[in-house]
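A.B. asks: Show me the folded form of this:
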Amino acid sequence: MVDDSPGAQARSSEGEPPQSAVLAGQSATASADLLVDSLGEYMAVWWQRLRGGESGALPILAGLVIIVIIFQSQQSKFLSSGNLVNLLVQAAFFILLGLAEMFALILSEIDLSVGFVAAIGGTIIAALISPPYNWPWWAGVIVGLLASGLLGALQGTIITRLHLPSFVVTLAGLLGFSGLLIYIFDVDSGSVGGVISISNNAVVYDLVNGNMSPAASWIVLAAAVAAFASVSIVRTKSRRDRGLSAPPMSITVLTIIVAAGAGVVLVIICNVNRGSLIPLRGVPWVVPLVLAIVVAWSWFLGKTRTGRYIYAIGGSPEGARRAGVNVALIRTIAFALSGFTAGIAGLVYASRLGSISVGFDGGTYVLYAVAAAVIGGASLFGGRGKAVHALLGGIVIAAVYNGLALLGISTAGTEMATALVLLAAVSVDSLVRRRGTLAT
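C.D. replies: Numbering: from 1, shown residues only. Down below sits the predicted model:
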């Protein structure tokens, strides 16, 4: 059998590291281990993996279903179209923060500064596109995201070059960047009462508050499904023709059908009129933006050499170093990507509120970043995690907040409920790892 796992693909004829450098990341990114020819064989392999502890996203999906059932039974408005769209918009910020934290967690590190990095990125964007600067929206966004990425790269450089614990460095970043945020507001003449407004910039404001037309929503969905279907079918056929590990074509087709069905349901829900005074229909622009970022980071982590090296370092830093991986460089890149993604989260936050203030609670939001990644299925022990985990975790956090708000539960109750969900997710992660160890 030809080994075409993501770990093995990290090698090349130019002296890429051997398989030992990436074994730790295989369980997080590999597809089927066997070239099966039927749906029955594929399900048998899947069941063996499940019994061996590789449960994937099943626990969080089951938990999400339970959460939905509980809230819908208590409040019938929970599954209304208006509330579901609002829930997706709420989840966008948590998803992006979870994605930012994911890069550090895969490395078996942690980034405590992503909350304030997001705030600084969002603040720079808001300040540049508002009076008195009035930059073009795209220029402000580019500068804000680059600044966020540079902050992440700075921390990554300190961690790798001085061999300091990421906990200490990013804790210092949390404190220092909170001060930097205050300084930005102090020197910005456009700040009024510690608030910078962006409501006068239609493009950035509409990123979260604007919607596609119903017709455009269907067109975008059709294009996305067509692209996904073509890529999936071509890739499966190509791998099977070369004798590489791949699911049967029936599984690929079933996956496409499920994805298309989920997209159709989403568009139908968003196209229902949810306005009270004026018609309000269509998919919010932030939804395809977040999905595009999830897809992009999924591809980067699973299909690029750098992405596989990140998994390898998270599984065994010394093994990766001995295999020839530039551990310091890859770690720095990962922290830079963490900061860059946090900057996108800050942009979404400012867009949703139409402003950003000096009171941004970055210390609390970093906890939600870790929670979103871990609840979704990322491992705190490194070497395992996918972009989709942050997507699932962010939706779970938003569902808990949204549902408890509908029930009139206080902030204290909401915080405790989120803590219980996080503890449950970490417990499942620990149990799965123990079962996987015993199975081997």
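A.B. asks: OK, contacts around Ala119?
C.D. replies: For Ala119, the contacting residues are Phe177, Leu181, Gly346, Tyr349, Ile356, Phe360, Gly362, by C-beta atoms under 8 Å, 6 or more residues apart in numbering. Quick note: C-beta positions are derived from backbone N, CA and C, even for glycine.
A.B. asks: Sitting in strands, which of these do you find?
C.D. replies: Those of the contacts of Ala119 mapping onto strands are Ile356, per DSSP state E.
A.B. asks: Just put the contacts of Ala119 in CSV and tack on pLDDT, distance to Pro136 and neighbour count.
C.D. replies: Output for these, formatted as CSV (pLDDT from 0 to 100; distance: C-beta to C-beta, whole Å; neighbours: other C-beta atoms under 10 Å):
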residue, pLDDT, distance to Pro136, neighbour count
Phe177, 96, 26, 22
Leu181, 95, 24, 23
Gly346, 96, 19, 34
Tyr349, 96, 21, 24
Ile356, 93, 19, 30
Phe360, 92, 24, 23
Gly362, 91, 27, 22
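A.B. asks: Would you point out the most distant pair within the contacts of Ala119?
C.D. replies: Using C-beta to C-beta, the two most remote members of those are Phe177 and Tyr349, lying 15.1 Å apart.
A.B. asks: Of the contacts of Ala119, which is the nearest to Val396?
C.D. replies: Tyr349 (19.0 Å).
A.B. asks: and that closest one, what does it touch?
C.D. replies: By C-beta under 8 Å, 6+ apart, the contact list for Tyr349 reads Phe93, Ala118, Ala119, Gly122, Ile356, Phe360.
A.B. asks: Next, find the distance separating it from Gly122.
C.D. replies: Note on Tyr349: its distance to Gly122, by C-beta to C-beta, to the nearest Å, is 5 Å.
A.B. asks: Same check on Pro165?
C.D. replies: From Pro165 over to Gly122 (counting by C-beta to C-beta), the distance is 28 Å.
A.B. asks: hmm, back to that, can you check which residues contact both of Tyr349 and Gly122?
C.D. replies: The contact sets of Tyr349 and Gly122 overlap at Ile356, Phe360 (C-beta under 8 Å, 6+ apart).
A.B. asks: re the thing from before, quick one, which of Pro165 and Gly122 is more surrounded?
C.D. replies: Neighbour count, other C-beta atoms under 10 Å: between Pro165 and Gly122, Gly122 has more, with 30 against 11.
A.B. asks: per-residue confidence for that one?
C.D. replies: pLDDT recorded at Gly122 is 96.
A.B. asks: residue contacts, the residue nearest the centre of the chain?
C.D. replies: Closest to where the C-alpha atoms of the chain average out (C-alpha atoms, centre = their mean) is Leu99, at 3.1 Å. With contact set as C-beta under 8 Å, 6+ apart, Leu99 has these partners: Ile293, Val294, Trp297, Thr341, Ala373, Ala387, Ala390.
A.B. asks: element containing it?
C.D. replies: In the assignment (DSSP states H and E), Leu99 maps to helix 81-106.
A.B. asks: count of residues packed around Val68?
C.D. replies: Residues near Val68, counting by other C-beta under 10 Å: 15.
A.B. asks: now Ala127
C.D. replies: Neighbour count of Ala127, defined by other C-beta under 10 Å: 25.
A.B. asks: Quick check: the gap between it and Ser197.
C.D. replies: Distance of Ala127 to Ser197, computed by C-beta to C-beta: 10 Å.
A.B. asks: Kindly report the same for Ala92.
C.D. replies: Distance, Ala92 to Ser197, by C-beta to C-beta: 20 Å.
A.B. asks: The residue nearest to the residue nearest to the centre of the chain when sequence neighbours are not counted sits in which helix or strand?
C.D. replies: The spatial neighbour of Leu99 that comes closest, neighbours along the chain excluded (C-beta to C-beta, 6 or more residues apart in numbering), is Ala390 at 4.4 Å. Per DSSP H and E, Ala390 falls inside helix 387-406.
A.B. asks: helices and strands around that helix, which ones?
C.D. replies: Helices and strands touching helix 387-406, by 3 or more C-beta pairs under 8 Å, 6 or more residues apart in numbering; DSSP states H and E, are helix 58-74, helix 81-106, helix 286-303, helix 362-376, helix 411-439.
A.B. asks: And the second one, what's buried?
C.D. replies: If I follow you right, that is helix 81-106. 83-106 (16 or more other C-beta atoms under 10 Å).
A.B. asks: go on, the first one?
C.D. replies: Neighbour-count burial for helix 58-74, counted by 16+ other C-beta under 10 Å, picks out Pro59, Ile60, Gly63, Leu64, Ile67, Phe71.
A.B. asks: contacts for it?
C.D. replies: Contacting residues not belonging to helix 58-74 are listed as 50, 78-79, 375-377, 389, 392-393, 395-396, 399-400, 402-403, 406-407, 421, 424-425, 428, 432 [C-beta under 8 Å, 6+ apart].
A.B. asks: ok, 6 Å please
C.D. replies: For helix 58-74, contacts defined as C-beta atoms under 6 Å, 6 or more residues apart in numbering pick out Phe78, Leu79, Gly376, Gly377, Leu392, Val396, Ala399, Gly403, Leu407, Val428.
A.B. asks: So the fifth one versus Val421, what's the distance?
C.D. replies: Taking C-beta to C-beta as the measure, Leu392 falls 12 Å from Val421.
A.B. asks: Mind listing what's buried along stretch 277-288?
C.D. replies: For stretch 277-288, by 16+ other C-beta under 10 Å, it's Arg281, Gly282, Val283, Pro284, Trp285, Val286, Val287.
A.B. asks: Now tabulate the residues you listed in TSV and tack on pLDDT and distance to Leu146.
C.D. replies: Shown next, in TSV, are those (pLDDT from 0 to 100; distance: C-beta to C-beta, whole Å):
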residue	pLDDT	distance to Leu146
Arg281	91	35
Gly282	92	31
Val283	94	29
Pro284	95	26
Trp285	95	22
Val286	95	21
Val287	95	25
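A.B. asks: residues contacting the nearest residue to Asn271 once chain neighbours are set aside?
C.D. replies: Nearest non-adjacent residue to Asn271, counting by C-beta to C-beta, 6+ apart: Pro214, 4.4 Å away. Contacts for Pro214 (C-beta under 6 Å, 6+ apart) come out as Asn271, Arg281, Gly282.
A.B. asks: any low-confidence regions in the stretch 301-440 of the chain?
C.D. replies: 425, 428-440 (pLDDT under 70).
A.B. asks: make it 90
C.D. replies: 302-303, 315-318, 361, 363-364, 367-368, 371-372, 374-385, 400-401, 404-405, 407-440 (pLDDT under 90).
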